[in-house]
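Peer 1: predicted model, plus sequence, below.
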Amino acid sequence: MSAGNFFVEHPAVHRFMAEVESILQREKETAMRLAELRTPYRLLLEDETWLPEEFRQANPNSGMGGGIASWLLYQSTEKDLSLFSLVVPPGVTTPIHNHLAWGLVGIYAGEQEEEEFEPPEDRHHPGADASLMKLRFRRVLKTGEFYELIPPHNDVHRVKTVSSEPSISLHLLANDTGCILRQKFDPATGEAAPFRSGWSNQQCPESP
Ligand SMILES: [Fe+2]
């Protein structure tokens, strides 16, 4: 059975995390891991029954602003794996941010517009203005659609809820996403700033 903290006690989540653990023990290479995780992840994403109402709510005391909530659903003992729901109210946009870990992100409810940006380290090619954020693409993701995060390749983005109800996305990421120090980026200047999003239902240990 998976070692770690379950914040949702539902057989579907226990089953999923046990399968994730077995895949991670078997596969050591990120692309292979993600390929094998897709099927169990899709099943969890398509199952509307297991996510309790309390983890579908916005959070007025959000660390990200705009009422955006990050509800921790499972975390491994080593804090190298987190499952969480991100709730973004209608019309609200996250800061442009990175994640610093591989993962899977999919839409559990509602719709999100995603804008992916070139990572800062890719902005130093000849002729580029390294101080500006460069948009790679913009797309709308509907309920049930998901994608892989593989840093540094596609690690910088922002999402906005474009449905009339809040969007809920389900994240499986290979770090303590809410508590690690990562970066957010100024959309106008590209300037990076330290960013800790926090968990809506868990305190982060004080930074060293
Ligand atoms: Fe993100």
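Peer 2: Received, thanks. Residues are numbered from 1 along each chain as shown.
Peer 1: could you use CA atoms for every contact and neighbour count after this?
Peer 2: Fine.
Peer 1: could I get the contacting residues of the most centrally placed residue in the chain?
Peer 2: Residue closest to the average C-alpha location in the chain (CA atoms, centre = their mean): H171, at 4.4 Å. H171 makes contact with S82, L83, F84, S85, L86, G103, L104, V105, G106, according to CA atoms under 8 Å, 6 or more residues apart in numbering.
Peer 1: ok, of those residues, which one's closest to Y41?
Peer 2: L104 (8.0 Å; CA to CA).
Peer 1: can you give me the separation between the closest one and E111?
Peer 2: 16 Å (CA to CA, to the nearest Å).
Peer 1: with neighbour numbers in mind, choose between these two.
Peer 2: Each of L104 and E111 has its neighbours counted (other CA atoms under 10 Å); E111 has more, 26 against 20.
Peer 1: ramachandran coordinates for that one?
Peer 2: Main-chain dihedrals, E111, degrees, to the nearest 10: phi -140, psi 140.
Peer 1: what subset of the contacts of H171 is buried?
Peer 2: S82, L83, F84, S85, L86, G103, L104, V105, G106 (16 or more other CA atoms under 10 Å).
Peer 1: ok, now which ones touch the third one?
Peer 2: In this structure, F84 makes contact with S70, W71, L72, L73, Y74, L170, H171, L172, judged by CA under 8 Å, 6+ apart.
Peer 1: mind checking pLDDT for the second one?
Peer 2: The one in question is W71. Per-residue confidence (pLDDT) for W71: 98.
Peer 1: is it possible to export the contacts of F84 to TSV including distance to Q183?
Peer 2: Shown next, in TSV, are those (distance: CA to CA, whole Å):
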residue	distance to Q183
S70	17
W71	20
L72	20
L73	23
Y74	23
L170	21
H171	18
L172	19
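Peer 1: tell me, how many residues neighbour F7?
Peer 2: The burial count for F7: 17, using other CA under 10 Å.
Peer 1: P52 too?
Peer 2: 12.
Peer 1: now it. Nearest residue, chain neighbours left out?
Peer 2: V8 (7.6 Å; CA to CA, 6 or more residues apart in numbering).
Peer 1: ok, the closest residue to V88 other than its chain neighbours - how many residues close by?
Peer 2: Distances taken as CA to CA, 6+ apart put I68 closest to V88, at 4.8 Å, once the chain neighbours are dropped. Per other CA under 10 Å, the neighbour tally for I68 reads 26.
Peer 1: equivalent analysis for F16, please.
Peer 2: 17.
Peer 1: show me the contacts for it.
Peer 2: Here F16 is in contact with P40, Y41, L44 (criterion: CA under 8 Å, 6+ apart).
Peer 1: narrow those residues to just the buried residues.
Peer 2: Buried among those by 16+ other CA under 10 Å: Y41, L44.
Peer 1: any idea which of the contacts of F16 is closest to W50?
Peer 2: Taking the contacts of F16 together and measuring to W50 by CA to CA, the closest member is L44, at 8.5 Å.
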